[in-house]
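**Q** Fold the following for me, if possible:
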Amino acid sequence: MATVLITLKVMPTSPTVDMDKLKKEVLLLIHSFASNKEERATIEPIAFGLNALSIIFDMDEEKGSVDALEEQINSIEDVESVEVTDVRRAIG
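**A** Got it, this is the predicted structure:
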């Protein structure tokens, strides 16, 4: 099966959320869900001190949907929302 690249955008509940801590929690869930080898996480400024966490990771296409992962991330206390912003097949 092919590998897909998933991009998630995680919005915190407020500008005071510790983004490094949130990043660690989200990456733990991603690692347990996708057993991925590669990921890239960046903190992007949105507005008025609010930042978003953007994470790109790979997983096997046969794993299917990431809906279960989205639900797990949404259950983290400091997460306001999580959205899949991009899905692509990896080539090579």
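**Q** ok, and for the helix ranked longest in the chain, which residues are buried?
**A** The longest helix of the chain (DSSP state H) is helix 19-34. Buried residues in helix 19-34, counted by 16 or more other Cβ atoms under 10 Å: M19, L22, K23, E25, V26, L27, L29, I30, F33, A34. Glycine gets a C-beta too; all of them are placed from N, C-alpha and C.
**Q** and which of these is nearest to V87?
**A** A34 (12.6 Å; Cβ to Cβ).
**Q** measure the closest one to S75 for me?
**A** In this view, A34 and S75 are 17 Å apart by Cβ to Cβ, to the nearest Å.
**Q** Can you pull out the residues in contact with stretch 55-74?
**A** The contact list for stretch 55-74 (Cβ atoms under 8 Å, 6 or more residues apart in numbering) reads 1-8, 10, 23, 26-27, 29-30, 33-42, 79, 81-82, 84, 86, 89-90.
**Q** Now do it, average pLDDT.
**A** In this model, stretch 55-74 carries a mean pLDDT of 91.
**Q** Restricted to strands, list the contacts of stretch 55-74.
**A** Judged by DSSP state E, the subset of those located in strands is 3-8, 10, 39-42, 79, 81-82, 84, 86, 89.
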